[in-house]
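Engineer: I need the structure of the sequence given here:
(2 chains)
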2 protein chains.
Amino acid sequence: MRSYLDEFTRRDWQDESPDGTVRLAVVGLGGFAREQALPGIEKGEFCETTVLVTGSPEKGERVAEEVDAERVLSYEEFHEGEAEEGYDAVYVSTPTGRHLEYVETAAELEKDVITEKPIEKSVERAERLREVCEAAGVALMVAYRPRMEPDFRRARELVRDGVVGDVTEVHVQFSFPVLEMGGPDQWRIDRELAGGGALMDAGVYTATAARFFADGEAVAVQGETVSDHEAFDEGVEERANYTVRFENDVTASCSTSFTGAYNDWVEVTGTEGTLRIEPAFWFNVDRDLTVERDDWEATVTGPTVDEVTEEFDHFGYAVLTGTDPEPDAGVGIADLELLEAVYESAESGERVRLD
Amino acid sequence: MRSYLDEFTRRDWQDESPDGTVRLAVVGLGGFAREQALPGIEKGEFCETTVLVTGSPEKGERVAEEVDAERVLSYEEFHEGEAEEGYDAVYVSTPTGRHLEYVETAAELEKDVITEKPIEKSVERAERLREVCEAAGVALMVAYRPRMEPDFRRARELVRDGVVGDVTEVHVQFSFPVLEMGGPDQWRIDRELAGGGALMDAGVYTATAARFFADGEAVAVQGETVSDHEAFDEGVEERANYTVRFENDVTASCSTSFTGAYNDWVEVTGTEGTLRIEPAFWFNVDRDLTVERDDWEATVTGPTVDEVTEEFDHFGYAVLTGTDPEPDAGVGIADLELLEAVYESAESGERVRLD
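Structural biologist: Below is the predicted model:
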C-alpha cells in the first residue's frame, strides 16, 4: 500500500505541463457553481473563468467581481453567441434537464464542453447531446468529481492490482436531506428539470461508483423507489434501492435517499479482502480509505484534495493537449441507462436487462 | 448514549434468578456445536449439557469427557427415547434440513426445544416443526445469536428511542469463504441438507438483522443469486443480493456470499443519523457499535460477550420461568419466507410480495 500512498495525490492522467489555460463560460450560477465550481476552477492550473451566464444580472455582476470574470451574459445572449471570442469552452451547470440546450449552442459555437452529471435527464436527450458534440468535433466531458478524486483513483488502482482479490460485490450508499439544502421548490425535486428525485441526483453517484469499482458493464438491474414524504408527493422519488449485476458477475447493492441523514460510502468486497471509502461523495472533506485483509489492515485519511479542481484541470489538460477527457459521454450515458433501468424495474416489478 | 453503555451487557429479558438448570440433549456435534455451543452452554447459568447425540460414537465419547456429559446416544437411540429421563430439553444442531425429524422426536418426548437457524430448509417444513411443538405444548426457540447479543439489543434500543430519527434504510452484508471452513463436501453447500447455499446459511443473518432493525414486516422482495465458482455448480448459490421493502417503508439492501472475504456488518440510516455494527455476525469477537449524528459521534467497542451463552441462558430462563423465548418459530418462519421470496425473485426476475 505504501507505493500508492507515497504519491497519493498524483495525477495519473497528466504526462506534461501544457502552456496556457482554457477560458470558460460558466452557464448557471446555482449554489454548487458559486460555492464549489468557481473556487475550484480558480485554484487549478488549466482553466479560468472569463464569462458567466445567468438569468439574474445582479447575481452575475456580484459573482463576476468575486472571481474576476470579464463578462456576464443572459441565457439569450449566450444562445446568440454574444462575447463568444471571450471563452474557449463551456461549463454547463444548469438543472439537468436543460443541459442539452446549452450544449447545443456551445457545439454550434465550436466550444468544448464540460457538463454536470447526470449528463441529461433521459438517455434519449443524452444521446442527442453526444451527437451534437461529435458532429461539431468538440470535446465533451461529464463532470464526475469522484472519478477524478485521489481516494477513488488510488482505490481502483489497489483493486485492479488485486489487493482485495477478485471483486465479488460492492455496496454503495448516498443519502442526504435535500430539503435542508433547499426548499420544496428546488429544481432537484422537480421532475421536469431533474428527470427524477433521489435516484437522479444522488443515484448518479452510486451508479457511477458501482460501475467504477465493478470495472465492467451492467447487465441486469432490479430496483424500487419510495415516496413517503409530503414534499415528494408530486412524483419524484424520495428514496431508491437497487441491485446491479455486471458482466463479470460482480454485484452491487446501492441506495439513495433525499430524506435520510448525510451518509455516503462505498464498500468493495473481494475474495481476499475489503476496501471502503467514507465519506465518498460529499465535496472537500477528509475521506477515510480503509483496506482490510487477513494479514493487514490500514486506513488512510487525506490529504484532502479539491476534486473540483482535479476535474476542471483534467478537462483543461485534455483540451490543451487534444486528448480525450476520461469521464466522457459514454460514461454519462451508461450511468443514465442504469438509472432508467431502475425506474423501469421499480414501475414494472421486473428485472431489467441491459445487455 | 451513556445510559445505554452503563449497563451495556444487561439482560433486558431477565427479571428474576430462577433456581435449577435445564438439562440439554445436544443433537449433532459439528464444528459449531463443539467449538461454540458446548463451551457457551457451560459458561452460562441456566443450562447444562447432560446428553450428546451423534452419529460418531468415538467423537461422542471424546466430547462427553470434555464437557462432562453423562450419556452419548446414537441418532436411533435418541429417536427411541433412550435415556430420556436424563434431559429436559433438546438443542438441535444438525444440518438445517434435518431439524424437523429431531424436533418431532423431542416433541413426542415432551422436551422443550432450541433449534439452530434457519429453522428448517423450507417454510413448509418449518410450519410442521412449529405445529408439532405447539401440539405437544413444548417451548420452541430458534437459536439466533445476534438477536440475543448486547450490541444488537442496545443498538435497537437506541434506534427505538430515536437516536437516528425515523429509520429510512438498512444495509447488511455477510460474506465469508465457506470453502476455507470446510471442504467441498460440507453440508452448507448441499441443497438437500441446507436448502440452499449462501442465502440460507449467511442470508438468514442478513434477513433477521434487516427485520430486527427495520422493526416491521417485509412486504416485498427483489433478489438475485450468483453461482460462478466451480464448487457451487451443483445448484446452490455462491452469492445472493436482495432488497426488501417493509410495511413501514423502511428498505433494506442485503448481500450474502460464500466466496468473498470475511465481511459482516449492519448499517442503519435514519432521518437524524446513522448506526453501524461491525463485525456483526461472527461469534465471540469485539464489535464496534458506532452512532453518528450531526451533533455527535461515538464508537463503543465491547465488552465482548459470548452471545451463545446469552442465547442458551435466555432459553433456559424461559423454560425455568415458563415464559416464551423471544426468537420464536414466528421469527424463524418470517425470515425463511423472506429468503424463499428471494429465491423466487431470483428465478422469475420479478418482485415478490409478502403481504
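
Engineer: Tell me how chain A divides into domains.
Structural biologist: Chain A resolves into domains spanning A:13-143, A:150-304+A:327-353 when parsed by automatic domain parsing.

Engineer: Least confident of the ones you listed, on average?
Structural biologist: Note on these: lowest mean pLDDT is at domain A:150-304+A:327-353, with a mean of 94.

Engineer: gap between the two ends of that domain?
Structural biologist: Across domain A:150-304+A:327-353, the terminal residues are separated by 32 Å (C-alpha to C-alpha, to the nearest Å).

Engineer: before we move on, what about stretch A:35-48?
Structural biologist: Stretch A:35-48 end-to-end distance (C-alpha to C-alpha) = 16 Å.

Engineer: List the buried residues of it.
Structural biologist: For stretch A:35-48, burial by neighbour count (16 or more other C-beta atoms under 10 Å in any protein chain shown) applies to A:Gln36, A:Ala37, A:Leu38, A:Pro39, A:Gly40, A:Ile41, A:Gly44, A:Phe46, A:Cys47, A:Glu48. Where you see a C-beta, it was placed from the backbone N, CA and C, and this is true even at glycine.

Engineer: One more: stretch A:297-314?
Structural biologist: Neighbour-count burial for stretch A:297-314 [16+ other C-beta under 10 Å]: A:Val300, A:Val305, A:Asp306, A:Glu307, A:Val308, A:Thr309, A:Glu310, A:Glu311, A:Phe312, A:Asp313, A:His314.

Engineer: wait, what's in contact with the second one?
Structural biologist: In other words, A:Val305. A:Thr9, A:Glu149, A:Pro150 (C-beta atoms under 8 Å, 6 or more residues apart in numbering or on different chains).

Engineer: before we move on, what SS does it have?
Structural biologist: Judged by DSSP: H, G, I helix; E, B strand; the rest coil, the three-state class of A:Val305 is coil.

Engineer: quick one: the helices in the stretch 201-350 of chain A?
Structural biologist: Counting by DSSP state H, counting those that start in this stretch, the stretch 201-350 of chain A has helices at residues A:203-214, A:307-321, A:329-348.

Engineer: What's the local residue count around the nearest residue to A:Pro146 once chain neighbours are set aside?
Structural biologist: Nearest in space to A:Pro146, with sequence neighbours left out and distances taken as C-beta to C-beta, 6 or more residues apart in numbering or on different chains, is A:Phe152 at 5.0 Å. Residues lying near A:Phe152 (other C-beta atoms under 10 Å in any protein chain shown) number 24.

Engineer: Tell me if I'm right that A:Phe152 and A:Pro279 touch.
Structural biologist: No - the pair A:Phe152 / A:Pro279 is not scored as a contact, 12.0 Å apart, by C-beta atoms under 8 Å.

Engineer: one step back: need phi/psi at the residue nearest to A:Pro146.
Structural biologist: phi -60, psi -40 (degrees, to the nearest 10).

Engineer: mind checking how far it is from A:Glu340?
Structural biologist: Distance check for A:Phe152 against A:Glu340: by C-beta to C-beta, to the nearest Å, it reads 24 Å.

Engineer: again, but for A:His99
Structural biologist: 16 Å.

Engineer: more neighbours, those two?
Structural biologist: Between A:His99 and A:Glu340, counted using other C-beta under 10 Å, the more crowded position is A:His99 (27 against 21).

Engineer: for chain B, what are the nearby residues on the stretch 51-200 of chain A?
Structural biologist: Selection of the stretch 51-200 of chain A residues close to chain B by C-beta under 8 Å from any C-beta of the partner chain yields A:Val164, A:Gly165, A:Thr168, A:Glu169, A:His171, A:Gln173, A:Ser175, A:Pro177.

Engineer: So which of the helices of the stretch 201-350 of chain A is the most surrounded?
Structural biologist: helix A:203-214 (a mean of 27; mean count of other C-beta atoms under 10 Å in any protein chain shown).

Engineer: Where do the strands of the stretch 51-200 of chain A begin and end?
Structural biologist: A:71-73, A:89-92, A:112-115, A:140-142, A:167-175 (DSSP state E, counting those that start in this stretch).

Engineer: Please tell me how far the longest one is from the chain's geometric centre.
Structural biologist: When you say that, I think you mean strand A:167-175. 17 Å (C-alpha atoms, centre = their mean, to the nearest Å).

Engineer: what do you get for stretch A:347-355?
Structural biologist: 24 Å.

Engineer: buried stuff in that stretch?
Structural biologist: A:Gly349, A:Glu350, A:Arg351, A:Val352, A:Leu354.

Engineer: If the second one is in a bridge, with which residues?
Structural biologist: Under the criterion DSSP bridges, A:Glu350 forms beta bridges with B:Glu350.

Engineer: Enumerate the residues of the stretch 251-355 of chain A near chain B.
Structural biologist: So far as C-beta under 8 Å from any C-beta goes, the stretch 251-355 of chain A lies against chain B at A:251-255, A:257, A:259-263, A:267, A:269-274, A:292-294, A:345, A:349-351.

Engineer: wait, what's in contact with the residue most central in space within chain A?
Structural biologist: By C-alpha atoms, centre = their mean, chain A has its centre lying nearest to A:Tyr144, at 2.8 Å. For A:Tyr144, the contacting residues are A:Lys117, A:Thr208, A:Glu311, A:Pro327, A:Val331, by C-beta under 8 Å, 6+ apart.

Engineer: same check, this time on A:Val72
Structural biologist: A:Val72 sits in contact with A:Val51, A:Leu52, A:Val53, A:Thr54, A:Pro57, A:Gly60, A:Glu61, A:Ala64, where contact means C-beta under 8 Å, 6+ apart.

Engineer: With respect to chain B, which of these is nearest?
Structural biologist: Distance to chain B, by C-beta to the nearest C-beta, is smallest for A:Thr54 among the contacts of A:Val72, at 32.1 Å.

Engineer: For the closest one, give its distance to A:Ser74.
Structural biologist: In terms of C-beta to C-beta, A:Thr54 sits 7 Å off from A:Ser74.

Engineer: who has more neighbours, those two?
Structural biologist: The neighbour comparison of A:Thr54 against A:Ser74 (other C-beta under 10 Å) goes to A:Thr54, with 24 against 15.

Engineer: related to what we said a few turns ago, what's the farthest-apart pair in the buried residues of stretch A:35-48?
Structural biologist: A:Gln36 and A:Phe46 (17.5 Å; C-beta to C-beta).

Engineer: Name the member of the contacts of A:Val72 that has the highest neighbour count.
Structural biologist: A:Val53 (29 neighbours).

Engineer: Across the sheet, point out what pairs with that residue.
Structural biologist: Bridge pairing for A:Val53 - DSSP bridges - gives A:Val27, A:Leu73.

Engineer: Report the contact partners of it.
Structural biologist: A:Ala25, A:Val26, A:Val27, A:Gly28, A:Gly60, A:Val72, A:Leu73, A:Ser74, A:Tyr75, A:Glu77, A:Phe78, A:Tyr102.

Engineer: Against A:Gly44, how distant is it?
Structural biologist: 20 Å.

Engineer: Ok, A:Glu192 next?
Structural biologist: 33 Å.

Engineer: likewise A:Ala106?
Structural biologist: For A:Ala106, the distance to A:Gly44 - C-beta to C-beta - is 20 Å.

Engineer: same thing with A:Thr259?
Structural biologist: Taking C-beta to C-beta, one finds A:Thr259 at 35 Å from A:Gly44.

Engineer: correct me, but A:Gln14 touches A:Gly316?
Structural biologist: No - using C-beta under 8 Å, A:Gln14 is not in contact with A:Gly316, being 10.7 Å away.

Engineer: follow-up on the earlier one: got the contact list for the residue nearest to the residue nearest to the centre of chain A when sequence neighbours are not counted?
Structural biologist: Nearest non-adjacent residue to A:Tyr144, counting by C-beta to C-beta, 6+ apart: A:Pro327, 4.2 Å away. Residues near A:Pro327 by C-beta under 8 Å, 6+ apart: A:Met141, A:Val142, A:Ala143, A:Tyr144, A:Arg147, A:Met148, A:Thr208.
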